[in-house]
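Chemist: I'd like to go over a predicted model; first the sequence, then the structure.
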Amino acid sequence: METKTLPIAELRKLLAAVSDHGKQHLVEVEADLLQTTFLLSEAIEKLSASFTAVHDAVCAQQQVLDALVAKYAIEEPILEKLDSYKSKIGDEVNVVITSLQFQDLTSQLVARTIKRVNGLKDLLHELESHSNEMDPGHEHEEIVKFLEEMSRSLQVGSRALSGGLRQSVGQQDMATGEIDLF
């Protein structure tokens, strides 16, 4: 009976190619996440500045209204309506500015995602690192040992990767209270 040998070299080549291509894709994912973080930060800064400018303009407008109220005798129902609008505008601007603080939450998620990407790159590196040549005479024992070592390495890496990443992200001390995501 003829014994067939396992194509060890081809298996190693395949694992190295999977590792290499996977790491390349993960580098691109990481770059996209970093670009997303940058764009998000820029957008939040601009939105915050714009809403602060709106709030300042509304406050200046309110000063003009207060001067007109002081100069002319305006009926109480109209004054109450103006005060109601003033209060509502102030509350809405504060809610918007507070809501824009979600940047901290998304930054935590992006940072955690980047850690996952780096962890996956490390796991893929494990596939690539098992590239020792094997003695064809002990090919079957060596391949079993090789696969067991690779499996152990991947399991250890996977546990380490998921260990600290399944936590919620949170924002505390915001004007509207505490926010938790996940």
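Modeler: That came through, no problem.

Chemist: And the residue sitting nearest the centre point of the chain, which helix or strand is it part of?
Modeler: For the chain, the residue nearest the mean C-alpha position is V110 (1.6 Å; CA atoms, centre = their mean). Applying DSSP states H and E as the criterion places V110 in helix 102-129.

Chemist: where exactly do the helices run in this protein?
Modeler: 8-71, 76-99, 102-129, 139-163 (DSSP state H).

Chemist: Point out where the protein drops to low pLDDT.
Modeler: 1-6, 8, 130-139, 157-158, 160-182 (pLDDT under 70).

Chemist: hmm, try it at 80
Modeler: 1-16, 97, 100-104, 123, 125-147, 149-182 (pLDDT under 80).

Chemist: about what we covered before: who are the neighbours in contact with the residue nearest to the centre of the chain?
Modeler: L33, T36, T37 (CB atoms under 8 Å, 6 or more residues apart in numbering). Backbone N, C-alpha and C define where each C-beta goes, glycine included.

Chemist: and with 6 Å instead?
Modeler: L33, T37 (CB atoms under 6 Å, 6 or more residues apart in numbering).

Chemist: any idea how far A57 is from it?
Modeler: 33 Å (CB to CB, to the nearest Å).

Chemist: related to what we said a few turns ago, any idea how far the helix holding V110 is from the middle of the chain?
Modeler: 9 Å (CA atoms, centre = their mean, to the nearest Å).

Chemist: Next, the angle from that helix to helix 8-71.
Modeler: 170 degrees (axes from the mean of the first three to the mean of the last three CA atoms, to 10 degrees).

Chemist: what's the angle between helix 102-129 and helix 139-163?
Modeler: Using the same axes, to 10 degrees: helix 102-129 against helix 139-163 is 170 degrees.

Chemist: how about helix 102-129: buried residues?
Modeler: Across helix 102-129, burial judged by 16 or more other CB atoms under 10 Å covers 103-106, 108, 112-114, 116-117, 119-121, 123-124, 126-128.

Chemist: Not counting its neighbours along the chain, what's nearest A16?
Modeler: E128 (5.2 Å; CB to CB, 6 or more residues apart in numbering).

Chemist: and the one you found, how far is that from A17?
Modeler: 9 Å.

Chemist: and if you look at Q103?
Modeler: Where A17 is concerned, Q103 sits at a distance of 39 Å (CB to CB).
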